[in-house]
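Engineer: using only what follows, build the 3D model:
(2 chains)
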Amino acid sequence: MLSLECEEVLSEINKAILDEGLRADEEGSSFFSHDLLDILLGKSNFSLFFTWALPALSFLGIQVSLYMVFLYVPDERVMGAVQRIFYFHVGSAFCTYALLISVFISSVVYLSTKKIVWDQIANSSVFVAFFFSSILLGTGMIWGHSAWNTWWRWEPRLVSSLVLWLFLLAYLVVRGFSKGEVSERGGAAVIGIVASLMVPIVIFSVRMLDQSQQLHPQVAANQGFTDPRYLQALLVASLSLICFSLWLCKLRLVQILMDERIEDIEIDYFRAKPKI
Amino acid sequence: MTDTYFDLFLGYSLVWLVLFLLLLRLTFFQKKLGDKISVLEKTPGRVLESDHKA
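Structural biologist: Numbers count the residues shown, from 1 in each chain, chains lettered A, B, ... in the order given. Just a heads-up that it's a prediction; the model follows:
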């Protein structure tokens, strides 16, 4: 009796997996995902760039940035040593914005074409954008505690950055509970697009109030780099962090593509042996 | 003060080196796993059969 019930349950599971596999085939998703994984892990120049050049550029770039931050740039006149956190704070902000542009493009393309590979690119970009956005908030709080004597202030730049971080968190939570349904992927894409639309708000939020009404500086807006070394260090740190973020994105994307591929292998197995 | 900055530079460089090596290891691990998955794709069911045997 028990074995009959087990058999029924197993056949239901089997049917569900088969349906899932057929649906994925209908969307034509497997073809594009498999192609991309082959490109990323193959022996093409594109793959070699991601396997060798990007890690090398990231390593050297961040090493040079550390040298410039600690041994090249002079102490800032008012804030002193703590100002050196600025290069990684602003660099992380640039990375978050760049990744969110990728999220916006891939989410829009996913919604219009329904090809899963675009959803996977958006998913990996959001993951890394969340990481850099957390660094942005963390370093900002450390800097604020030292420079303003408070960890947090409810002013436009800080609040908009926090809202952006929460949108990214919402995206990851939705994906965490998602079972890969088309509607769930679509919902996540909409959250991704809304999060991307926060970027211009975050950038221009610093101009909403006058400098006298907020503590967050408007250095770039006021052309405030008096020494060229500050700008040089910022440029090197930002470019290296962008290389690093691309590398992280690739690692996350390969992981997502592999998960999908392993699921396909399991589906093929049940297709080959429908009776357990 | 310069000595302190130099120590900080060395400390952070070491942390970055460890992180970099871990990520590099992950990069090559993924490459190896990709090859194994390609083999499995040609013989579907191999993993699960071995699981059943275990």
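
Engineer: which residues of chain B fall in helices?
Structural biologist: B:2-42, B:46-53 (DSSP state H).

Engineer: between those helices, which one is closest to chain A.
Structural biologist: Chain A lies closest, by C-beta to the nearest C-beta, to one member of these: helix B:2-42, at 3.9 Å. C-beta coordinates here come from the backbone N, C-alpha and C atoms, glycine included.

Engineer: counting contacts, what elements does the closest one pack onto?
Structural biologist: helix A:29-41, helix A:54-67, helix A:228-272 (3 or more C-beta pairs under 8 Å, 6 or more residues apart in numbering or on different chains; DSSP states H and E).

Engineer: buried set for the host helix or strand of A:Leu197?
Structural biologist: Here A:Leu197 sits within helix A:182-205, counting by DSSP states H and E. Buried residues in helix A:182-205, counted by 16 or more other C-beta atoms under 10 Å in any protein chain shown: A:Arg185, A:Ala188, A:Ala189, A:Ile191, A:Gly192, A:Ile193, A:Ala195, A:Ser196, A:Met198, A:Val199, A:Val202, A:Ser205.

Engineer: C-terminal to the helix or strand hosting A:Val103, what's the next element?
Structural biologist: Applying DSSP H and E as the criterion places A:Val103 in helix A:86-113. Of the helices and strands lying after helix A:86-113 in sequence (DSSP H and E), the nearest is helix A:116-147.

Engineer: may I have the helix or strand following that next one as CSV, with CA atoms only?
Structural biologist: Downstream of helix A:116-147, the first helix or strand assigned by DSSP H and E is helix A:156-177. Taking C-alpha atoms only, helix A:156-177 is exported to CSV below (Å, rounded to 0.1, in the frame of the first residue of the first chain):
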residue,chain,number,x,y,z
PRO,A,156,18.6,63.1,0.3
ARG,A,157,21.8,61.3,-0.8
LEU,A,158,21.9,58.9,2.1
VAL,A,159,18.2,58.1,2.0
SER,A,160,18.1,57.6,-1.8
SER,A,161,21.2,55.3,-1.5
LEU,A,162,19.4,53.3,1.2
VAL,A,163,16.3,53.0,-0.9
LEU,A,164,18.4,51.7,-3.8
TRP,A,165,20.0,49.1,-1.6
LEU,A,166,16.6,48.0,-0.4
PHE,A,167,15.4,47.6,-4.0
LEU,A,168,18.4,45.4,-4.7
LEU,A,169,17.7,43.4,-1.5
ALA,A,170,14.1,43.0,-2.6
TYR,A,171,15.2,41.7,-6.0
LEU,A,172,17.5,39.1,-4.4
VAL,A,173,14.7,38.0,-1.9
VAL,A,174,12.3,37.6,-4.8
ARG,A,175,14.9,35.5,-6.7
GLY,A,176,15.7,33.5,-3.5
PHE,A,177,12.1,32.4,-3.2
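
Engineer: quick one: contacts of helix A:156-177?
Structural biologist: A:96, A:123, A:126-127, A:129-130, A:133-134, A:136-137, A:140, A:152, A:184, A:187-188, A:191-192, A:194-195, A:198-199, A:201-202, A:205-206, A:208-209, A:214, A:216 (C-beta atoms under 8 Å, 6 or more residues apart in numbering or on different chains).

Engineer: that helix vs helix A:86-113, what angle?
Structural biologist: Inter-element angle recorded for helix A:156-177 and helix A:86-113: 50 degrees (by axes from the mean of the first three to the mean of the last three C-alpha atoms, to 10 degrees).

Engineer: pLDDT (mean, whole number) over helix A:156-177?
Structural biologist: Helix A:156-177 carries an average pLDDT of 94.

Engineer: enumerate the positions of it that are buried.
Structural biologist: A:156-158, A:160-162, A:164-165, A:167-168, A:170-172, A:174-175.
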